[in-house]
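S.K.: requesting a structural model of the entry that follows:
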Amino acid sequence: MYENETFFCVLSGKFLIKLLAISGGLMNQRITRTLIFLMLTFSTFSSYAITLSTWNMEWLTLSPSEKFRSSDRSQQDFEQLNFYFSQSNSKILAFQEVDSKEAIQKIVGNDYKIFLSDRSLNSKLQFTDINQYTGFAVHQSIPVIDPNDFSLLPKKKTSKLRYATYIVADIGKPSRPVHLLSVHLKSGCLGQKKKNYSCSTLKQQTDEVIEWINSREANNEEYLILGDFNHTLAHPRSWLWKNIKNNTSDTPLLLTEDTKARCTVKQWKRDWPKYTTFTRLIDHGITNITKHSFQVMQQQFMESDVKKYQLSDHCPILFEMND
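M.R.: Okay, here's the model as predicted:
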């Protein structure tokens, strides 16, 4: 929830139950009055909590292409995607693989403002059928500044690979600006580093992310990077995460380091559905905000929904930020 009432605050229900057990079946009046006082006191505390999420929507478009079977979605498919988004209670969504503002608006509803990648403004950087844009959907209650987005391959002037979408949102209590990036990095270099185009491109993109992180650190600014890294950053031997840590001025935190993954999805192979369960994350969150401020989880699909609807080949990752 955007504003959560925290019952018992730091004092957990387990602790109160323990007090009840210690006191025996028939408590004396002093213990009874003490417990009532504690319950009334802690129930009045209010803590701030906001949920942010990242979700690769898999070829989300209103103009499907025959080349990409998963791009063809019915109204029922959109409604079920909207159901999962609503269940997430997310106030800020970093999305990937979205073709238009109109398409993502059908998922998040009209209470959200859409910030679509600046690449969508330049026809020379677009494909002729479907484009995979990054972006953000932000609840209208949250103030946002929209700086210029930037290419993660600046030396390749005609590259049509995804830009990093950049916004600054006022969140937290007290409210303060947090710099946010939505990224979608090159596929084909999931684990071990190889001497190929995919790994070389991923390295170049990550160098731009590192430069952005160092700029935030130099300005003493809080940041949060969300998106599809197409790499298992949480693996103990991830060369990419090692590269990020070694080249940033202040070591960033990988919020998804310990996040459990079990995402069952539908993928199309020669017009036949194939069901796969992924147990390693490639969608991540990186920040310089204290790790203890976040609770992170993967939002999983019901298997019956995976079979019935065209959802996505990625499950959303939720980041509940608490102050």
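S.K.: longest strand of this structure?
M.R.: The strand that spans the most residues within the chain, counting by DSSP state E, is strand 46-60.
S.K.: how far does stretch 182-201 stretch from start to finish?
M.R.: With CA to CA, to the nearest Å as the measure, stretch 182-201 spans 18 Å from end to end.
S.K.: which parts of it are buried?
M.R.: By 16 or more other CB atoms under 10 Å, the buried positions in stretch 182-201 come out as 182-186, 189, 193, 199, 201. From N, CA and C alone the C-beta is placed, and that goes for glycine too.
S.K.: number of residues surrounding the closest residue to L125 other than its chain neighbours?
M.R.: Closest residue to L125 apart from its sequence neighbours, by CB to CB, 6 or more residues apart in numbering: R119 at 4.9 Å. R119 has 23 neighbouring residues, counting by other CB atoms under 10 Å.
S.K.: on that earlier part again, helices and strands around the longest strand of the chain, which ones?
M.R.: Under the contact criterion of 3 or more CB pairs under 8 Å, 6 or more residues apart in numbering; DSSP states H and E, strand 46-60 touches strand 3-5, helix 75-88, strand 92-98, helix 101-108, strand 176-184, strand 222-228, strand 283-287, strand 317-322.
S.K.: looking at the ones you listed, which is closest to F294?
M.R.: strand 317-322 (5.3 Å; CB to CB).
S.K.: list the buried residues in the closest one.
M.R.: So strand 317-322, judged by 16+ other CB under 10 Å, has buried residues 317-321.
S.K.: quick check: of those, which lies closest to H292?
M.R.: M321 (10.7 Å).
S.K.: my understanding was that the closest one contacts I289; is that so?
M.R.: Yes - if you go by CB atoms under 8 Å, M321 and I289 touch, sitting 7.5 Å apart.
S.K.: tell me the most buried of the helices and strands packed on strand 46-60?
M.R.: Of all the helices and strands packed on strand 46-60, strand 92-98 has the most neighbours on average by mean count of other CB atoms under 10 Å, namely a mean of 28.
S.K.: what average pLDDT does stretch 55-64 get?
M.R.: Mean pLDDT, stretch 55-64: 96.
S.K.: in it, what's buried?
M.R.: Using 16+ other CB under 10 Å as the test for burial, stretch 55-64 gives 55-61, 64.
S.K.: still on that earlier bit, now distance to K155 too, for the helices and strands packed on strand 46-60, in a markdown table please.
M.R.: Shown next, in a markdown table, are those (distance: least, CB to CB, whole Å):
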| stretch | distance to K155 |
| --- | --- |
| strand 3-5 | 45 |
| helix 75-88 | 36 |
| strand 92-98 | 23 |
| helix 101-108 | 29 |
| strand 176-184 | 18 |
| strand 222-228 | 21 |
| strand 283-287 | 23 |
| strand 317-322 | 30 |
